[in-house]
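Engineer: would you be able to build a 3D model of this:
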Amino acid sequence: MSIVSSPVNQTVPQHIAIIMDGNRRWAKKMGMPAAVGHASGARQVRSIVQACADRGVRYLTLFAFSTENWQRPQDEVSSLMALLALYLKKEVNDMNAKGVRLKVVGNTSGFDAKIQELIRNAQDKTAHNDAITLTVAANYGGRWDVVQAVKAWQAAHPGQPVETMDEAALSAHLDTAYAPDPDLLIRTGGESRISNFMLWQLAYTELFFTDALWPNFTADVLDQAIAWYGSRDRRFGGSGAESTPNA
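Structural biologist: Residues are numbered from 1 along each chain as shown. Next up is the predicted model:
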C-alpha cells in the first residue's frame, strides 16, 4: 500500500469501517498469549474513536467478532467474550460523556444473557448521542446479514413474491440500515481481503490495507488512510467525481 503524505483535498469520509486484524500476531511478537493482544487491541479502540470524531467522521464501524471466530480455540473465545463484556461495562460511561452513540450489529442472540443485557443497556444509555456513531460488529458476517435482511423483508411483506423486492427494500433491513454505506474500509495487519464483512455495504467502498497490526494502529496511520481516501476519484461506475452509487 503506497502512503500519501497529505490529502489532495480535505475530503473526510463520513463512514469508516475497520477490520481490526493483528492482535494475535502482535501478542506473539511480544511473547505473550493471544488474550493479551486482544486486550491491547481493545484499549486502542477508545483513541481511534476519539480521533475519528475529532476529524469529523460521523460513523465508525469496527469488526470485533465474526461468525467464523467461534471456531477459534475455546480459551481464546472465552477470553474474547470476557473482553467484550468488560468493554461494554467499562467504556459506556466514557462514550456517553463524549457523545458517542453505540450500536452493536450481528446475531447477538448467540451471546449469553449477560452480554445481551450489557448490549441493550449500552445502546439505550447512548441512544441520544450524536457526536459519532460507533458500531461494533459482533457475531457478525456479511452473508448472514444479507440472509437475515431477506428474511426480515419477507416477514414485513407476508405473501408478497420476492420479485417485488429491490435493492433499496433489502438495504432497509440490513443490520446497519441506520448508517450510510462505508466510504472507506481500513484493514490492519497486512492482509488484503474483506473476510465476510459488510459484503453488501462495501460495494463502492474504497479499500485501504496497512501492515500496521491493530494494537499499533495510531491516529497517524488513520490520517494516512484518510489522506489516501482524499486522493481517490470515486466514480461509482460512472465517468467522474460527480457520479453517485448505482448510477
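
Engineer: how about the helices in this structure?
Structural biologist: For the chain, the helices defined by DSSP state H cover 23-29, 34-54, 74-97, 113-126, 142-156, 167-171, 219-230.

Engineer: who wins for proximity to E191 among those helices?
Structural biologist: For the helices of the chain, distance to E191 was read as C-beta to C-beta. The smallest value, 10.3 Å, belongs to helix 23-29. No exception for glycine: its C-beta is placed from N, CA and C like everyone else's.

Engineer: quick one: mean pLDDT for the closest one?
Structural biologist: Averaged across helix 23-29, the pLDDT comes to 92.

Engineer: out of the helices of the chain, which gets nearest to K103?
Structural biologist: Of all the helices of the chain, helix 113-126 sits nearest to K103, with 6.4 Å by C-beta to C-beta.

Engineer: state the distance from the residue of the chain positioned farthest from its centre to Q148.
Structural biologist: Ranking residues of the chain by C-alpha distance from their mean position (C-alpha atoms, centre = their mean) puts G159 at the top, at 34.2 Å. Taking C-beta to C-beta, to the nearest Å as the measure, G159 falls 20 Å from Q148.

Engineer: just Q71 next, same as before
Structural biologist: With the distance defined as C-beta to C-beta, Q71 ends up 20 Å from Q148.

Engineer: of those two, who's got more company?
Structural biologist: A count of neighbours by other C-beta atoms under 10 Å puts Q148 above the other of Q71 and Q148, at 16 against 8.

Engineer: who's in contact with the more buried one?
Structural biologist: Taking C-beta atoms under 8 Å, 6 or more residues apart in numbering, we find Q148 in contact with N107, H173, D175.

Engineer: most neighbours among these, which one?
Structural biologist: Per-residue neighbour counts (other C-beta under 10 Å) across the contacts of Q148 peak at D175, which has 22 neighbours.

Engineer: touching, that residue and V146? I think so.
Structural biologist: No - using C-beta atoms under 8 Å, D175 makes no contact with V146, being 10.1 Å away.

Engineer: hang on, the earlier thing: same list, the helices of the chain, but as CSV with distance to L185 please.
Structural biologist: Listed next are the helices of the chain as CSV, based on distance: least, C-beta to C-beta, whole Å:
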stretch, distance to L185
helix 23-29, 18
helix 34-54, 14
helix 74-97, 22
helix 113-126, 24
helix 142-156, 12
helix 167-171, 18
helix 219-230, 9
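
Engineer: of those, give the one that comes closest to L184.
Structural biologist: Going by C-beta to C-beta, the one of those nearest L184 is helix 219-230, 4.7 Å.

Engineer: quick one: buried residues of the closest one?
Structural biologist: For helix 219-230, burial by neighbour count (16 or more other C-beta atoms under 10 Å) applies to V221, L222, D223, Q224, A225, I226, A227, W228, Y229, G230.

Engineer: what's the answer for stretch 81-98, then?
Structural biologist: Result for stretch 81-98 [16+ other C-beta under 10 Å]: buried residues M81, L83, L84, A85, Y87, L88, E91, V92, M95, N96.

Engineer: can you say which of the helices of the chain is nearest to T210?
Structural biologist: T210 lies closest, by C-beta to C-beta, to one member of these: helix 219-230, at 5.9 Å.

Engineer: tell me how far V45 lies from A149.
Structural biologist: From V45 over to A149 (counting by C-beta to C-beta), the distance is 27 Å.

Engineer: can you tell me which two in the buried residues of stretch 81-98 are farthest apart?
Structural biologist: Using C-beta to C-beta, the two most remote members of these are M81 and N96, lying 23.2 Å apart.

Engineer: coming back round to it: turn the contacts of Q148 into TSV, including distance to A155 and pLDDT.
Structural biologist: Below are those laid out as TSV (distance: C-beta to C-beta, whole Å; pLDDT from 0 to 100):
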residue	distance to A155	pLDDT
N107	16	95
H173	9	98
D175	15	97
